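Colleague: turn this into a model:
(2 chains)
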Amino acid sequence: QVTLKESGPGILKPSQTLSLTCSFSGFSLSTSGMGVGWIRQPSGKGLEWLAHIWWDDDKYYNPSLKSQLTISKDTSRNQVFLKITSVDTADTATYYCARSFITTFDYWGQGTTLTVSS
Amino acid sequence: DIQMNQSPSSLSASLGDTITITCHASQNINVWLSWYQQKPGNIPKLLIYKASNLHTGVPSRFSGSGSGTGFTLTISSLQPEDIATYYCQQGQSYPWTFGGGTKLEIK
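Modeller: Got it, this is the predicted structure:
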């Protein structure tokens, strides 16, 4: 059974750094073809892909945020991490991690909400 | 970036109806198109991958078709539990992009 769970700080002030953790089970990021991505969704709005990391440590970022994003993984602990520097109010959203296989997100975590407020 | 244009943005239909949602890509994405369902207050769930392949456990009343730049999601015999927002997503090239969503309501 594939499960993913996101964790984060919940609330940050503008200019702070967001650190998110995705802890997963039921698959391994050492398996060829496996990946984990991060997607966010402001309340009442659509989905925005942020970053992706693959089993071979290949990494991809949304160009609109690339300078702020860092994705990494700890394969032995079944965790993927995302850092977003210099957050502002526009980063208020629910952040999801999701497993990817080929080009689709087949299993999603429950999401962690972030509020950025001074 | 590849833009994904979904239509309509909202749709009202009756139980038992067959409805179609379309997704148009700004460039050729071959068959690298997925459809997701997000029920109110819930997480997105995969329905269709690689344009026409049904994900495990998804009812057969859902179907997908298309290739290149034009794709459709069809829901036949609409059920109350189909109330949701539906999103398409392309995986042809980075950045992966989602359509704006189609909100489905029951009349």
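Colleague: all contacts plus neighbour counts: C-alpha atoms, from now on.
Modeller: Fine.
Colleague: show me what residue of chain A gets nearest to chain B.
Modeller: residue A:103 (4.7 Å; Cα to the nearest Cα).
Colleague: using CSV, write out every CA atom in stretch B:93-107.
Modeller: Below are the C-alpha coordinates for stretch B:93-107, written out as CSV (Å, rounded to 0.1, in the frame of the first residue of the first chain):
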residue,chain,number,x,y,z
SER,B,93,8.0,18.2,-20.9
TYR,B,94,9.0,20.2,-17.9
PRO,B,95,7.5,22.2,-16.3
TRP,B,96,4.6,19.8,-16.0
THR,B,97,1.5,21.9,-16.2
PHE,B,98,-2.2,21.5,-15.1
GLY,B,99,-5.3,22.7,-16.7
GLY,B,100,-7.4,25.3,-14.9
GLY,B,101,-10.0,22.7,-13.8
THR,B,102,-13.6,21.9,-14.5
LYS,B,103,-16.1,22.1,-11.7
LEU,B,104,-18.8,19.6,-12.1
GLU,B,105,-22.1,20.1,-10.4
ILE,B,106,-25.3,18.1,-10.4
LYS,B,107,-28.5,19.8,-11.5
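Colleague: got the contact list for that stretch?
Modeller: A:46-49, A:60-63, B:1-15, B:21, B:23, B:29, B:80, B:82-91 (Cα atoms under 8 Å, 6 or more residues apart in numbering or on different chains).
Colleague: hmm, stretch A:23-41 in reach of chain B?
Modeller: No. Stretch A:23-41 does not reach chain B (Cα under 8 Å from any Cα of the partner chain); its nearest approach is 10.1 Å.
Colleague: ignore what I typed, I meant stretch A:92-101.
Modeller: No. Using Cα under 8 Å from any Cα, stretch A:92-101 stays clear of chain B, with a minimum separation of 8.6 Å.
Colleague: how much space between the residue lying closest to residue B:3 once chain neighbours are set aside and chain A?
Modeller: Once flanking residues are discounted, residue B:3 sits nearest to residue B:26: 5.2 Å by Cα to Cα, 6 or more residues apart in numbering or on different chains. Noted for residue B:26: a distance of 17 Å to chain A, by Cα to the nearest Cα, to the nearest Å.
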